[in-house]
Each structure stands twice: as structure tokens, then as C-alpha cells.
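quick one, fold the following:
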Amino acid sequence: MEFLFEYGLFFSKVITLLIAVIVLVAVVAGFSQRNRQPESGHIEVTSVNEAIDNLTRNLKHLVLNPEVRKQEQKEEKKRAREERKLLKKTSGDSGEEKSRVFVVNFTGDLQASAVSALREEVTAIMSVARKGKDEVVVRLESMGGTVHGYGLAASQLKRITSQEVSLTVAVDKVAASGGYMMACIGSRIIAAPFAILGSIGVVAQLPNFNRLLKNKDIDVELLTAGEYKRTLTMFGENTKKGREKFVDELEDIHLLFKNLIAENRPQVDVEKVATGESWYGTRALEHDLVDELMTSDEFISNKCTEANVYLVKYVVQKNKLEKIIERFTSILSKTFGIRSQLDVPLAQADSMDRFRI
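Residues are numbered from 1 along each chain as shown. Take a look at the predicted model:
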């Protein structure tokens, strides 16, 4: 028992120390963010064709005997020469290259913060993409989030289709709500059989502490100019009229969401699917929410046989302090399950942040 007591005391000291370090890091990070200069970064481009060829070559080197491997190398060189001849013959004197496919990854959080990188990636791609010849593939994963965040992300994808460049959205795991708002912009949507698509709905929730404060004889003064500047609040006394206005705002956002889907995917029976339900890929195909069941890996591998495929990524430059903080929070996340990403405090959030899609 004495050992357990001493161990518990030691463990509590360690936890206290860790909490103190986390608070210190958070304070330092806060000051760093305040004094931080505008974000700067660069675009990284990787050839997917070369990456796949290297993997194939390495695997053959390991599993094939020397004689077979030598024969494979000869055949590979022969195929490469034939492809160059065919390309020269089809392009003629114009020197026209093969079609190009640009792959972008988008992993969304509640605030759709990845949209800042998406903006730069789309800008870079559209500066070189050829109308009617090249293609953009977005590998999308998102559980949804704020309306304005995902609305902006969808608008960034709209820049691609408005320039008559084909856009394929690939969903391997989930494109829920705001994620599907982005996906529906695509010229084509592919999904894994058990990927989650939808829901097409809007949700908002807000705790109210008014009765608790009244029991403690605490008054809350909320002063506004404008009848509907605040409808529902956390500390004030909410009214029937305020609730009705709040629901009206939800319904209006839902209507805009449905109109967006109807505009971009006219084959979808919007009223049938806009019920707040979610579907796995197989069922989503039955409702025309997707066009084909296929993983992004299969789709991109197939494209490599006929086009030059490039992975495009915007990388933000980080100073040494930010790198240390990121590494520290990553270790904490892996060790104790602590999330490295913090949500915006309610007191600082914009009033429209209450609505989630």
C-alpha cells in the first residue's frame, strides 16, 4: 500500500509538471502568434509516376532473381523507347505533352483551416492547367464544420471547374456535411464502398446557464443594437421569438446548401437526400451522390498509365519555436491522447460559428 501511495504521489507530480509545461507552451505560442508575420510558404510538387515506378522497381529488385530482373530491365527500356516514339508521333511538331493530373489533399477540421493552403494550391495549379486537357484530383476527408469555412473551401474548388478544368473529388473515408458541400462541386465524385457521404443538413447547439445564474443571484446584462443581433445566448434568458429566428436562420442555411447541390449535381433528388442522413459509398451511389465506387489509390494509379500525375502541396514556413511546439504537442497527443489542435473559445467566436454543416 505504501508503494502504491508513493507511486500515486509521484504520478500526480508528473501530471502537474506536464500541465504546467503545457500552459507555458500555450502562453509562449500565444505571444508568438500575436507577433507573427503573415504566413509565407512554398509549393512542393512531387511526381506520382516516378514514386510508383521507384516502388515497383525496388520490389522487383527484391523478389526477382538476377536473370529475370535483367530481362525486365531490358523490356522496361524498350517500352520507354516505344512510348517516346508514340508520343512524338501523336504530338507531331507541336511538341504537345501528355495530359497532366494534379493531386491535392484536403483534410478538414471544424474551422476548415486547411482552406488557406488549398487557396495557394489551386492558384498554383490554375496558372499552368490547360482547359479541357488537364485534370485536378482532390482527395477529400472531412467531418464538416462551420458554414463560412466550408463555403469558402467549396468556392476555391469552383475556381477549377469555372475555368473548364475537370475536377474529380475522391472520398476514401468521409465527406460529411461541409465535406460534401465541397465534394458536390466536382465534375465527378468517386468514393470507397464504405466511405461516409453526407449528411446534407445544418446543426447548432448552445448551452444556456441562465437558470443557474439566477439561482446564484447573478445578473447578466446583454445590450444590443438591432432586433436580431443576438437570438440565443449562453447566459441571457432566451425567448420564443429568439428561438424561432434562430431556427429560421438554420432553415435558410439548409436551403442554400440544397440549392448548391441542385446546381452542381442536378441528377440528385435533393429533397429525398437532404434529410440530415448519412450514407456509405454503396448507398450514396444509389442516390447519385457519387458517380463511381473506387479508392483514390486505384484512380490515381490508373491515371499514371495515361498521364503525368503530380502531387501538389503548399508548405508553410515555420520558425524554430513553432517546430518545437508542434513536436511537443505531437508527443503529448501520442502519449496521453491530448489533442494538439485547440478550438476557438466560445467567447471569441463569431456569432455565425454556432452553425455547423
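
where do the helices sit along the stretch 1-150 of the chain?
2-34, 48-63, 66-91, 115-126, 147-162 (DSSP state H, counting those that start in this stretch).

export those to JSON lines and tack on distance to A195?
Any C-beta I mention is one placed from the backbone N, CA and C, and that applies to glycine too. Below are the helices of the stretch 1-150 of the chain laid out as JSON lines (distance: least, Cβ to Cβ, whole Å):
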{"stretch": "helix 2-34", "distance to A195": "35"}
{"stretch": "helix 48-63", "distance to A195": "21"}
{"stretch": "helix 66-91", "distance to A195": "34"}
{"stretch": "helix 115-126", "distance to A195": "20"}
{"stretch": "helix 147-162", "distance to A195": "18"}
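
mind pulling up the pLDDT for A124?
pLDDT for A124: 97.

how many residues are close by Y180?
Neighbour count for Y180, taken as other Cβ atoms under 10 Å: 33.

phi, psi for it please.
With angles defined as degrees, to the nearest 10, Y180 sits at phi -70, psi -30.

my read is that it contacts A195, right?
No. Applying Cβ atoms under 8 Å, one finds Y180 not in contact with A195, separated by 10.8 Å.

lowest average confidence, helix or strand, in the protein?
Lowest mean confidence among the helices and strands of the chain (mean pLDDT, DSSP states H and E): helix 320-336, at a mean of 61.

show me the strands in the stretch 201-350 of the chain, by range?
278-280, 292-293, 308-316 (DSSP state E, counting those that start in this stretch).

what pairs with the shortest one, and is each one parallel or antiparallel?
According to DSSP bridges, strand 292-293 forms sheet pairs with strand 188-191 (parallel).

point out the other helices and strands that the helix or strand that the strand it pairs with is followed by packs with.
Per DSSP states H and E, the first helix or strand lying C-terminal to strand 188-191 is strand 196-198. Under the contact criterion of 3 or more Cβ pairs under 8 Å, 6 or more residues apart in numbering; DSSP states H and E, strand 196-198 touches strand 166-175, helix 178-183, strand 278-280, helix 281-286.

rewinding a little: need the helices of the stretch 1-150 of the chain in JSON lines (columns: mean neighbour count and distance to V104).
Formatted as JSON lines, the helices of the stretch 1-150 of the chain follow (neighbours: other Cβ atoms under 10 Å; distance: least, Cβ to Cβ, whole Å):
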{"stretch": "helix 2-34", "mean neighbour count": "11", "distance to V104": "26"}
{"stretch": "helix 48-63", "mean neighbour count": "13", "distance to V104": "12"}
{"stretch": "helix 66-91", "mean neighbour count": "11", "distance to V104": "26"}
{"stretch": "helix 115-126", "mean neighbour count": "19", "distance to V104": "5"}
{"stretch": "helix 147-162", "mean neighbour count": "20", "distance to V104": "9"}
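
what number of residues lie near the nearest residue to G145 once chain neighbours are set aside?
Nearest residue to G145, sequence neighbours excluded (Cβ to Cβ, 6 or more residues apart in numbering): L110, at 4.1 Å. Neighbour count of L110, defined by other Cβ under 10 Å: 18.

now do the contacts for L110.
Neighbour list for L110: 145-146, 149, 343, 356 [criterion: Cβ atoms under 8 Å, 6 or more residues apart in numbering].

among those, name the buried ones.
145-146, 149, 356 (16 or more other Cβ atoms under 10 Å).

as TSV, the residues you listed with pLDDT and distance to T56 would be great.
Formatted as TSV, the buried ones among the contacts of L110 follow (pLDDT from 0 to 100; distance: Cβ to Cβ, whole Å):
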residue	pLDDT	distance to T56
G145	94	39
T146	94	42
G149	95	40
R356	70	44
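
which one among these gets closest to R211?
R211 lies nearest to R356 out of the buried ones among the contacts of L110, by Cβ to Cβ, at 25.3 Å.

now the closest one: how far from L250?
Separation of R356 from L250 (Cβ to Cβ, to the nearest Å): 10 Å.

try A124
37 Å.

same check on M181?
15 Å.

now the contacts of L110 in a markdown table, with distance to Q205?
What follows is the contacts of L110, written out as a markdown table (distance: Cβ to Cβ, whole Å):
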| residue | distance to Q205 |
| --- | --- |
| G145 | 14 |
| T146 | 14 |
| G149 | 18 |
| D343 | 14 |
| R356 | 9 |
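
now, among the residues you listed, which is nearest to L293?
G145 (26.0 Å).

and that closest one, what does it touch?
Here G145 is in contact with 108-112, 177-178, 356-357 (Cβ under 8 Å, 6+ apart).
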